[in-house]
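Visitor: Prediction below, plus the sequence it came from.
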Amino acid sequence: MAVEAGRDIAPAKGKLGVMLVGLGAVSTTFIAGVENVRRGRGLPIGSLSQMGTIRLGKRTEKRSPKIKEFVPLADLQDLVFAAWDPIPDDAYTAAVKAGVLERHEHLEPIKDFLQGIKPLPAAFDQYYVKRLQGTNLKRGKTKRELAEQLREDIRSFRKSAGVSRVVIVWCASTEVFITPVPAHQSLATFEKAMEQNDPAIAPSMLYAYAALMESVPFANGAPNLTVDVPALQHLAEERKIPIGGKDFKTGQTMMKTVLAPAFKARMLGLAGWYSTNILGNRDGEVLDDPESFKTKEESKLGVLEYILQPDQYPELYGNVFHKVRINYYPPRGDNKEGWDNIDIFGWLGYPMQIKVDFLCRDSILAAPIVLDLALFFDLAQRARLSGIQEWLSFYFKSPQTAPGLYPEHDLFIQQTKLKNTLRWLMGEEQITHLGIEYYEKA
Ligand SMILES: NC(=O)c1ccc[n+]([C@@H]2O[C@H](COP(=O)([O-])OP(=O)(O)OC[C@H]3O[C@@H](n4cnc5c(N)ncnc54)[C@H](O)[C@@H]3O)[C@@H](O)[C@H]2O)c1
């Protein structure tokens with residue numbers, strides 16, 4: 001097979017600024033985790049970019065470098081952090097309150113470093129996150145003014161931190177459900193809506209707009225609409241900036257996108273899938289509001305429909321009862337418990353059940369995803385990939401795609417897509433898994 005030359009990728013020279021919207025459980029677990037890893041106090045487990053390898057060429061060639069040695073990624077030592085949050089706690093206080101990492105083992109030794117990260121005033125409006133109140137806020141007459149202040153924050157961070165590149169990852173609370181309206185259609189209508197304080201423009205969109213105007217890639221870790229609107233997609237394409245989302249794929253949905261493809265591969269039928277969660281962190285509290293939950297529910301529900309293709313397999317998947325619940329239960333903190341009851345059926349329609357009880361840790365699963373997204377979005381920018389980065393669907397519950405394309409949810413197809421994109425970027429052969437050449441010698 002002819003191999004393409006690969007892309008010219010600018011080297012990862014200088015420091016990479018990682019600006020996080022939200023300095024809560026996920027962000028602080030990510031930042032504190034990176035610092036612990038940098039000091040040799042832990043391993044970046046769960047991070048494909050740091051721990052993963054990639055097979056190149058034929059199986060007989062035995063070439064499997066680490067991904068971080070194969071593609072030119074920013075080094076962890078070169079990451080510099082900043083964040084916005086309406087709650088004024090510095091990263092140390094926020095991490096202690098989040099209660100994810102063990103204080104004496106992973107926070108006290110890096111206390112000074114964490115205390116140095118103080119949140120910038122946020123573009124925040126309680127209308128979009130009902131269960132939160134904040135005091136560390138930007139003031140402005142219009143949403144446009146707030147967006148301009150966010151742009152100024154990015155410019156000052158570039159200068160003060162001496163970073164050569166910046167990426168932004170949304171790790172803030174889930175906003176209320178919003179559907180696309182004409183205000184989201186073009187840059188002109190979007191900018192006008194910002195000036196008129198149109199409720200269709202959520203704070204997350206102001207961050208995304210500011211990022212794109214400052215040539216900064218933007219990844220959305222929550223299910224909010226945010227950068228998934230035509231106005232911002234066009235802006236990203238025009239300015240050649242990578243964007244992507246939505247909603248980190250961590251616990252229950254990760255399992256769903258592993259199990260559902262297995263049922264489909266074996267042509268086993270599905271009658272119903274009941275998923276419920278108990279969660280006691282601030283994210284759980286925010287999601288206890290029906291309007292924020294609606295945004296999350298849409299993101300979690302889409303997965304099965306796309307994987308199982310009921311139109312193509314009506315006898316197997318034409319009548320699936322799918323239910324997702326998230327219950328706020330403070331005693332568990334960040335340690336979520338997600339239960340799944342799955343009713344499947346086999347040969348001649350005989351029913352069977354599968355139960356999954358995942359005692360997970362939400363932010364422990366999300367932190368490595370934030371790291372990989374920051375590094376891969378920076379790589380994408382240096383490789384001149386722009387607009388929606390579908391190859392990073394691997395990390396999202398509800399991946400953005402080009403208009404007219406359905407999203408790919410199967411975790412292993414997503415992984416193949418990601419690795420093949422890395423091979424393509426570096427001018428290596430795609431791996432098709434055909435392998436006939438091992439058996440049929442010319
Ligand atoms: N942890 C996971 O497994 C997981 C998976 C998928 C998605 N998520 C999403 O990631 C996000 C973060 O989760 P978390 O557990 O860290 O929540 P968290 O509540 O601990 O932190 C979110 C922070 O965002 C801040 N915030 C809210 N609106 C803001 C705004 N407009 N500007 C700046 N900051 C703002 C809040 O004050 C809060 O400190 C949530 O939306 C969650 O749904 C998490």
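Guide: That came in fine, so what should we check first?
Visitor: Write out the residues of the chain neighbouring the ligand.
Guide: Counting by Cβ under 6 Å from any ligand atom, the chain comes close to the ligand at 21-27, 84-87, 98, 122-124, 129, 132, 134, 171-174, 203, 221-222, 247-248, 250-251, 281-283, 286, 362-363, 365-366. For the C-beta atoms, the positions are set from N, CA and C on the backbone; glycine is no exception.
Visitor: any idea which helix is longest in this structure?
Guide: In the chain, taking DSSP state H as the definition, the longest helix is helix 362-382.
Visitor: T401 against Q414, yeah?
Guide: No: assessed by Cβ atoms under 8 Å, T401 is found out of contact with Q414, at 11.8 Å.
Visitor: higher neighbour count, those two?
Guide: Taking neighbours as other Cβ atoms under 10 Å, T401 and Q414 compare with Q414 leading, 22 against 14.
Visitor: still on that earlier bit, what is in contact with T401 and Q414 at once?
Guide: The contact sets of T401 and Q414 overlap at S393, E408 (Cβ atoms under 8 Å, 6 or more residues apart in numbering).
Visitor: related to what we said a few turns ago, quick one: mean pLDDT for the helix or strand just after the longest helix of the chain?
Guide: Per DSSP states H and E, helix 362-382 leads on to strand 387-388 as the next helix or strand towards the C-terminus. The predicted model assigns strand 387-388 a mean pLDDT of 96.
Visitor: and K68, how far is that from the ligand?
Guide: 23 Å (Cβ to the nearest ligand atom, to the nearest Å).
Visitor: List the residues that contact that residue.
Guide: S49, Q50.
Visitor: Kindly confirm my reading that it is in a strand.
Guide: No: going by DSSP: H, G, I helix; E, B strand; the rest coil, the assignment for K68 is helix, not a strand.
Visitor: Distance of it relative to S156?
Guide: Distance of K68 to S156, computed by Cβ to Cβ, to the nearest Å: 30 Å.
Visitor: P330 now?
Guide: P330 sits 38 Å away from S156, going by Cβ to Cβ.
Visitor: Also D75?
Guide: Distance from D75 to S156, by Cβ to Cβ: 24 Å.
Visitor: any weak-confidence spans in the stretch 101-250 of the chain?
Guide: Within the stretch 101-250 of the chain, not a single segment meets pLDDT under 70.
Visitor: which residues of it fall in strands?
Guide: In the stretch 101-250 of the chain, the strands defined using DSSP state E, counting those that start in this stretch lie at 163-170, 218-220, 242-244.
Visitor: Buried deepest among these, which one?
Guide: Scoring the strands of the stretch 101-250 of the chain by mean neighbour count under mean count of other Cβ atoms under 10 Å gives strand 218-220 as the most buried, with a mean of 29.
Visitor: Can you give the contact residues for that strand?
Guide: Taking Cβ under 8 Å, 6+ apart as the rule, strand 218-220 contacts 167-170, 204, 207-208, 211-212, 226-228, 236, 241, 243-247, 373-374, 377, 392.
Visitor: Quick check: neighbours of it in the sheet, parallel or antiparallel?
Guide: Here strand 218-220 has these sheet partners by DSSP bridges: strand 163-170 (parallel), strand 242-244 (parallel).
Visitor: want to throw those strands into JSON lines with distance to D357?
Guide: Below are the strands paired with strand 218-220 laid out as JSON lines (distance: least, Cβ to Cβ, whole Å):
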{"stretch": "strand 163-170", "distance to D357": "30"}
{"stretch": "strand 242-244", "distance to D357": "31"}
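Visitor: Can you check what pLDDT the model gives the closest residue to the ligand within the chain?
Guide: The nearest approach of the chain to the ligand comes at G24, 1.8 Å away (Cβ to the nearest ligand atom). On pLDDT, G24 comes in at 96.
Visitor: Wait, it touches W170, no?
Guide: No: counting by Cβ under 8 Å, G24 does not reach W170; the two are 11.6 Å apart.
Visitor: What's the local residue count around I45?
Guide: 12.
Visitor: these two touch, right, I45 and P368?
Guide: Yes: applying Cβ under 8 Å, one finds I45 in contact with P368, separated by 7.1 Å.
Visitor: thinking again about what came up before, okay if I get the strands of the stretch 101-250 of the chain as JSON lines plus distance to G427?
Guide: Shown next, in JSON lines, are the strands of the stretch 101-250 of the chain (distance: least, Cβ to Cβ, whole Å):
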{"stretch": "strand 163-170", "distance to G427": "23"}
{"stretch": "strand 218-220", "distance to G427": "26"}
{"stretch": "strand 242-244", "distance to G427": "20"}
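Visitor: For R382, which of those strands is the nearest?
Guide: Evaluated with Cβ to Cβ, these place strand 163-170 nearest to R382, the distance being 7.7 Å.
Visitor: gap between the residue lying closest to L359 once chain neighbours are set aside and T276?
Guide: Closest residue to L359 apart from its sequence neighbours, by Cβ to Cβ, 6 or more residues apart in numbering: E337 at 5.4 Å. Relative to T276, E337 is positioned 9 Å away (Cβ to Cβ).
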